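Here's a sequence, model it:
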Amino acid sequence: MGGIDTDDHLRDASDATLAARAIDGDVVAFEAIARRHGPLMRVVSAQLLGADGDSDDIVQEAFLTAWRRLDELEKPAQVRSWLMRIVSNRAIDRLRAQRHHDDIAEWDPATSPASDPSRIVEAQLHLDAVWAALDKLPATQRRCWLLRETAGYTYAEIAEALDMPVATIRGQLARARKFLLYELEAWR
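Next up, the predicted model:
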(Lines give C-alpha, C1' and ligand atoms only; values in the text may rest on other atoms or scores of the structure.)
Protein backbone atom coordinates (compact mmCIF):
# COMPACT_ATOMS: atom_id res chain seq x y z
CA MET A 1 0.00 0.00 0.00
CA GLY A 2 2.98 2.32 0.60
CA GLY A 3 3.94 1.97 -3.09
CA ILE A 4 0.52 3.21 -4.18
CA ASP A 5 0.84 6.32 -2.01
CA THR A 6 4.28 6.95 -3.47
CA ASP A 7 2.96 6.54 -7.03
CA ASP A 8 0.05 8.91 -6.30
CA HIS A 9 2.44 11.45 -4.83
CA LEU A 10 4.75 11.18 -7.85
CA ARG A 11 1.83 11.48 -10.25
CA ASP A 12 1.25 15.02 -8.98
CA ALA A 13 4.95 15.94 -8.77
CA SER A 14 6.39 18.49 -11.19
CA ASP A 15 8.60 17.44 -14.06
CA ALA A 16 11.52 19.16 -12.33
CA THR A 17 11.02 17.12 -9.16
CA LEU A 18 10.63 13.85 -11.05
CA ALA A 19 13.66 14.52 -13.23
CA ALA A 20 15.80 15.53 -10.27
CA ARG A 21 14.83 12.32 -8.47
CA ALA A 22 15.45 10.26 -11.61
CA ILE A 23 18.89 11.86 -12.01
CA ASP A 24 19.59 10.67 -8.47
CA GLY A 25 18.72 7.13 -9.56
CA ASP A 26 15.04 6.96 -8.57
CA VAL A 27 13.58 4.42 -11.02
CA VAL A 28 10.00 5.05 -9.84
CA ALA A 29 10.37 8.76 -10.63
CA PHE A 30 11.66 7.89 -14.11
CA GLU A 31 8.69 5.56 -14.61
CA ALA A 32 6.39 8.47 -13.70
CA ILE A 33 8.14 10.60 -16.33
CA ALA A 34 7.68 7.80 -18.86
CA ARG A 35 3.97 7.46 -18.08
CA ARG A 36 3.50 11.22 -18.27
CA HIS A 37 5.39 11.88 -21.52
CA GLY A 38 5.31 8.51 -23.29
CA PRO A 39 2.01 9.16 -25.13
CA LEU A 40 3.26 12.45 -26.60
CA MET A 41 6.55 10.79 -27.54
CA ARG A 42 4.59 8.11 -29.42
CA VAL A 43 2.66 10.80 -31.31
CA VAL A 44 5.88 12.64 -32.23
CA SER A 45 7.51 9.41 -33.35
CA ALA A 46 4.47 8.28 -35.35
CA GLN A 47 4.19 11.67 -37.04
CA LEU A 48 7.83 11.64 -38.05
CA LEU A 49 7.89 7.99 -39.15
CA GLY A 50 4.40 7.61 -40.53
CA ALA A 51 2.24 4.64 -39.64
CA ASP A 52 4.91 1.99 -40.13
CA GLY A 53 4.70 0.56 -36.62
CA ASP A 54 8.21 1.51 -35.50
CA SER A 55 7.10 4.37 -33.24
CA ASP A 56 6.85 2.18 -30.11
CA ASP A 57 10.39 0.89 -30.73
CA ILE A 58 11.63 4.46 -31.17
CA VAL A 59 10.00 5.55 -27.91
CA GLN A 60 11.57 2.60 -26.07
CA GLU A 61 14.98 3.46 -27.52
CA ALA A 62 14.46 7.08 -26.54
CA PHE A 63 13.66 6.14 -22.94
CA LEU A 64 16.73 3.89 -22.76
CA THR A 65 18.87 6.72 -24.09
CA ALA A 66 17.27 9.16 -21.65
CA TRP A 67 17.87 6.86 -18.68
CA ARG A 68 21.53 6.41 -19.64
CA ARG A 69 22.03 10.13 -20.26
CA LEU A 70 20.05 11.60 -17.35
CA ASP A 71 23.21 13.14 -15.98
CA GLU A 72 23.35 15.31 -19.15
CA LEU A 73 19.96 16.91 -18.41
CA GLU A 74 20.99 20.39 -17.32
CA LYS A 75 17.51 21.76 -16.56
CA PRO A 76 15.26 19.12 -14.95
CA ALA A 77 12.19 21.32 -15.49
CA GLN A 78 12.73 20.93 -19.25
CA VAL A 79 12.70 17.14 -19.22
CA ARG A 80 9.74 17.08 -21.65
CA SER A 81 11.58 19.09 -24.31
CA TRP A 82 14.68 17.00 -23.73
CA LEU A 83 12.72 13.78 -24.24
CA MET A 84 11.07 15.17 -27.39
CA ARG A 85 14.49 16.00 -28.83
CA ILE A 86 15.70 12.48 -28.10
CA VAL A 87 12.66 10.79 -29.66
CA SER A 88 12.79 13.13 -32.67
CA ASN A 89 16.47 12.38 -33.19
CA ARG A 90 15.83 8.64 -32.91
CA ALA A 91 12.97 8.84 -35.42
CA ILE A 92 15.07 10.89 -37.85
CA ASP A 93 17.91 8.38 -37.50
CA ARG A 94 15.46 5.57 -38.28
CA LEU A 95 14.19 7.41 -41.36
CA ARG A 96 17.74 7.92 -42.53
CA ALA A 97 18.56 4.23 -42.07
CA GLN A 98 15.39 3.11 -43.87
CA ARG A 99 15.83 5.31 -46.90
CA HIS A 100 19.21 3.76 -47.67
CA HIS A 101 17.50 0.38 -47.91
CA ASP A 102 14.54 1.34 -50.07
CA ASP A 103 14.51 -0.65 -53.27
CA ILE A 104 12.09 0.32 -55.98
CA ALA A 105 11.97 -3.31 -57.18
CA GLU A 106 10.49 -4.40 -53.85
CA TRP A 107 7.72 -1.81 -53.96
CA ASP A 108 4.38 -3.31 -55.00
CA PRO A 109 1.97 -0.49 -55.89
CA ALA A 110 -1.72 -0.88 -56.53
CA THR A 111 -2.69 -0.89 -60.18
CA SER A 112 -3.42 2.65 -61.27
CA PRO A 113 -2.10 5.22 -63.74
CA ALA A 114 0.30 6.32 -61.03
CA SER A 115 1.83 2.83 -61.02
CA ASP A 116 3.56 3.47 -64.32
CA PRO A 117 7.19 2.40 -63.71
CA SER A 118 8.55 5.66 -65.10
CA ARG A 119 6.43 7.65 -62.63
CA ILE A 120 7.55 5.43 -59.79
CA VAL A 121 11.20 5.88 -60.69
CA GLU A 122 10.70 9.62 -61.04
CA ALA A 123 9.03 9.80 -57.63
CA GLN A 124 11.85 7.80 -56.05
CA LEU A 125 14.48 10.01 -57.69
CA HIS A 126 12.62 13.09 -56.44
CA LEU A 127 12.47 11.64 -52.94
CA ASP A 128 16.19 10.82 -53.10
CA ALA A 129 16.87 14.41 -54.19
CA VAL A 130 14.82 15.72 -51.24
CA TRP A 131 16.74 13.51 -48.80
CA ALA A 132 20.06 14.52 -50.34
CA ALA A 133 19.10 18.20 -49.97
CA LEU A 134 17.95 17.62 -46.39
CA ASP A 135 21.28 15.96 -45.61
CA LYS A 136 23.04 19.17 -46.68
CA LEU A 137 21.09 21.28 -44.20
CA PRO A 138 22.56 22.04 -40.79
CA ALA A 139 21.09 19.68 -38.17
CA THR A 140 18.92 22.35 -36.50
CA GLN A 141 17.39 23.49 -39.79
CA ARG A 142 16.75 19.86 -40.80
CA ARG A 143 15.02 19.07 -37.49
CA CYS A 144 12.89 22.22 -37.68
CA TRP A 145 11.87 21.45 -41.27
CA LEU A 146 11.04 17.80 -40.55
CA LEU A 147 9.01 18.66 -37.46
CA ARG A 148 7.10 21.38 -39.34
CA GLU A 149 6.62 19.77 -42.75
CA THR A 150 6.35 16.08 -41.89
CA ALA A 151 5.00 16.10 -38.34
CA GLY A 152 2.83 19.21 -38.64
CA TYR A 153 4.23 20.90 -35.55
CA THR A 154 3.41 24.55 -34.93
CA TYR A 155 6.26 27.00 -34.50
CA ALA A 156 5.62 27.03 -30.74
CA GLU A 157 5.70 23.22 -30.54
CA ILE A 158 8.97 23.10 -32.46
CA ALA A 159 10.41 25.80 -30.21
CA GLU A 160 9.43 23.79 -27.15
CA ALA A 161 10.67 20.48 -28.56
CA LEU A 162 14.04 21.93 -29.55
CA ASP A 163 14.26 24.31 -26.58
CA MET A 164 14.72 27.40 -28.76
CA PRO A 165 12.89 30.72 -29.11
CA VAL A 166 10.07 30.84 -31.68
CA ALA A 167 11.89 33.61 -33.57
CA THR A 168 14.89 31.31 -33.98
CA ILE A 169 12.62 28.54 -35.27
CA ARG A 170 11.10 30.92 -37.84
CA GLY A 171 14.57 31.90 -39.03
CA GLN A 172 15.77 28.30 -39.20
CA LEU A 173 12.70 27.29 -41.20
CA ALA A 174 13.03 30.25 -43.57
CA ARG A 175 16.66 29.41 -44.28
CA ALA A 176 15.85 25.70 -44.69
CA ARG A 177 13.00 26.42 -47.11
CA LYS A 178 15.11 28.85 -49.16
CA PHE A 179 17.94 26.31 -49.38
CA LEU A 180 15.60 23.45 -50.32
CA LEU A 181 13.91 25.56 -53.01
CA TYR A 182 17.31 26.30 -54.50
CA GLU A 183 18.50 22.67 -54.25
CA LEU A 184 15.29 21.24 -55.71
CA GLU A 185 14.85 23.83 -58.48
CA ALA A 186 15.29 21.13 -61.15
CA TRP A 187 12.28 19.23 -59.76
CA ARG A 188 9.79 22.05 -60.20
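
okay, CA-based contacts and neighbour counts for the rest of this
Fine.

Spell out the residue ranges of the strands in the chain.
Here the chain has no strands by DSSP state E.

Point out where it drops to low pLDDT.
1-8, 51-53, 98-120, 123, 187-188 (pLDDT under 70).

Please repeat the previous calculation with a cut-off of 80.
1-11, 47-54, 95-128, 150-151, 186-188 (pLDDT under 80).

Look up how far Ala132 lies from Ala91.
Distance of Ala91 to Ala132, given as Cα to Cα, to the nearest Å: 17 Å.

Number of residues surrounding Asp12?
Close neighbours of Asp12, defined as other Cα atoms under 10 Å, add up to 11.

Quick check, central residue of this protein?
Ser88 (1.9 Å; Cα atoms, centre = their mean).

Cross-check the contact I'm expecting between Gln172 and Leu147.
No: assessed by Cα atoms under 8 Å, Gln172 is found out of contact with Leu147, at 11.9 Å.

Compare those two (neighbour count), which wins?
Leu147 (23 against 19).

and stretch 13-28, how far out from the chain's middle?
Here stretch 13-28 is found 23 Å from its chain centre; the criterion is Cα atoms, centre = their mean, to the nearest Å.

Could you shift the numbering so residue one becomes 491, and keep it that way?
Sure thing, new numbering starts at 491, so read that last one as stretch 503-518.

Now do the end-to-end distance for that stretch.
With Cα to Cα as the measure, what separates the two termini of stretch 503-518 is 12 Å.

quick one on the thing from earlier: any idea how far Asp514 is from the residue nearest to the centre of the chain?
25 Å.

who touches stretch 526-535?
Ser545, Asp546, Ile548, Val549, Arg570, Leu573, Met574, Val577, Ser578, Ala581, Ala641 (Cα atoms under 8 Å, 6 or more residues apart in numbering).

Asp561: what's it in contact with?
Asp561 touches Ile513, counting by Cα under 8 Å, 6+ apart.

Roughly how far does it sit from Gln550?
19 Å.

Distance from the chain centre to the top helix by length along the chain, please.
The longest helix of the chain (DSSP state H) is helix 517-539. How far helix 517-539 lies from its chain's middle: 12 Å, per Cα atoms, centre = their mean.
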